[in-house]
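Q: I'll drop the sequence and a predicted model, then ask my questions.
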Amino acid sequence: MSNCLQCISHYKGRRSLIKGAISLAAVCAATCCFADGLVVFDPLNYNQSVLTAMRSLQQINIEVMSLTKQTQMLINSTKNVTRAPENIAEQLRANIDEIIHLISQANGLAFKVNVTTNQFQSAYPIQYSSGTSEGRFEQDASARRSNTYEALGEALLIQSQAVESLNHDSANLAAVMGRSSTAIGSLQAQQANNELLSLQVKQGMQNQALVAAQARANALHDAERMASEAAAVERFKQFIGNRQAYVSGR
C-alpha cells in the first residue's frame, strides 16, 4: 500500500512540472523575443507543445485515479481480514463445562445407559419374589429415597446455574451486538454472527440439561412410588402367609 501512495505522489509531482512547463511556454510567447528584428516565436510549434503537455497531464490524471482506486481496494481488503479484538468464546466454553460438570457429578442413578439400567432394575423391581427378606425391602427403599433426593437436588442445581448465567448471557449478547454494529469488515461481521450462534447453542444445551434433570427427578419419583407399592404387596403376602392363623374356631 505504501508503494501505491509513493506512486501517486510521484505522478502528482510530474503533473506539477508539466503545468509549470505550460506556464513557462506561455510567458515565452508573451515576451516574443526578437533577434535582428526577426520574431523567433513559432505559433505552430507552441500549439503542438501545449497539446502534448495537456495530453500528458490528462494521462497522469487517469493514472493517479487508477492508483487511488487500487489503494482504496487495498484498504478495504485490509478491513475485511481484520479480526475482532474480543470474543466470548472462552466464557461460553466455561459455561458449557460447568453444565457438563454438574451433570457428571450427579449422585444416585448416573446419566449412563448401562449403569442406569442395572441400578434401576436392582432398586426398582416391578415385582418382588416371594421370600424377599425385610432387609432387602429396607435397603431398596433407602436407595430409592436417596436417588429421588439426589435427582431433585441435581435439578435444583442446574436450575440455579441456568438462572445465574442469564446475567452473563445478557452482557455477552449486548457486547456481541455492539461489535456487530461497529464491524469494519466482513471477517468481524462473520465473527459476531458466529458468536451469536454460539450463544444460542449454549443456551440450547443448558435448556436440554435442565429438562433432562427435571424429567429424571420426576421419573425417579414415580418409579419410587411404584416400587414401594410392589414391596408393600409382597410384605402383605408375607404377613398373611397361608392364612391358617386367621381361621377361627378350628
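A: Now that the structure is in, tell me what you want to look at. The structure presented is a predicted model; accordingly, all values stated were derived computationally and were not measured.

Q: in the protein, what secondary structure element scores lowest on mean pLDDT?
A: strand 34-35 (a mean of 45; mean pLDDT, DSSP states H and E).

Q: Next up, phi/psi of residue 130, please.
A: Note on residue 130: its backbone torsions stand at phi -70, psi 140 [degrees, to the nearest 10].

Q: isn't it right next to residue 236, touching?
A: No: in terms of CB atoms under 8 Å, residue 130 does not count as a neighbour of residue 236; the distance is 11.9 Å. Using the backbone N, CA and C atoms, a C-beta is placed for each residue, glycine as well.

Q: OK, contacts around the residue nearest to residue 165 when sequence neighbours are not counted?
A: Spatially, and ignoring its direct neighbours in sequence, residue 165 is nearest to residue 95 (5.6 Å; CB to CB, 6 or more residues apart in numbering). Contacts for residue 95 (CB atoms under 8 Å, 6 or more residues apart in numbering) come out as 165, 168, 202, 206.

Q: Who are the contact partners of the third one?
A: Right, residue 202. With contact set as CB under 8 Å, 6+ apart, residue 202 has these partners: 92, 95, 96, 169.

Q: Need those in JSON lines (columns: secondary structure).
A: Formatted as JSON lines, the contacts of residue 202 follow (DSSP: H, G, I helix; E, B strand; the rest coil):
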{"residue": "92", "secondary structure": "helix"}
{"residue": "95", "secondary structure": "helix"}
{"residue": "96", "secondary structure": "helix"}
{"residue": "169", "secondary structure": "helix"}
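
Q: Now that we have the residues you listed, which of them are buried?
A: Buried members of these, counted by 16 or more other CB atoms under 10 Å: 92, 95, 96, 169.

Q: Just the pLDDT for the first one.
A: If I follow you right, that is residue 92. Note on residue 92: pLDDT of 76.

Q: gap between it and residue 206?
A: Per CB to CB, to the nearest Å, residue 92 is found 11 Å from residue 206.

Q: Identify the residues contacting the nearest residue to residue 131 once chain neighbours are set aside.
A: Excluding its sequence neighbours, the residue lying closest to residue 131 (CB to CB, 6+ apart) is residue 238, at 7.9 Å. Neighbouring residues of residue 238 by CB under 8 Å, 6+ apart: 130, 131, 132.

Q: if we go to 10 Å?
A: Neighbour list for residue 238: 128, 130, 131, 132, 133, 134, 137 [criterion: CB atoms under 10 Å, 6 or more residues apart in numbering].

Q: Can you tell me how far it is from residue 95?
A: 52 Å.

Q: roughly how far is the top helix by length along the chain from the heart of the chain?
A: Identified as the longest helix of the chain according to DSSP state H is helix 186-240. Offset of helix 186-240 from its chain centre (CA atoms, centre = their mean, to the nearest Å): 25 Å.

Q: Kindly state the pLDDT recorded for the most centrally placed residue in the chain?
A: Centroid-nearest residue in the chain: residue 195, 2.4 Å away (criterion: CA atoms, centre = their mean). If you check residue 195, the pLDDT there is 82.
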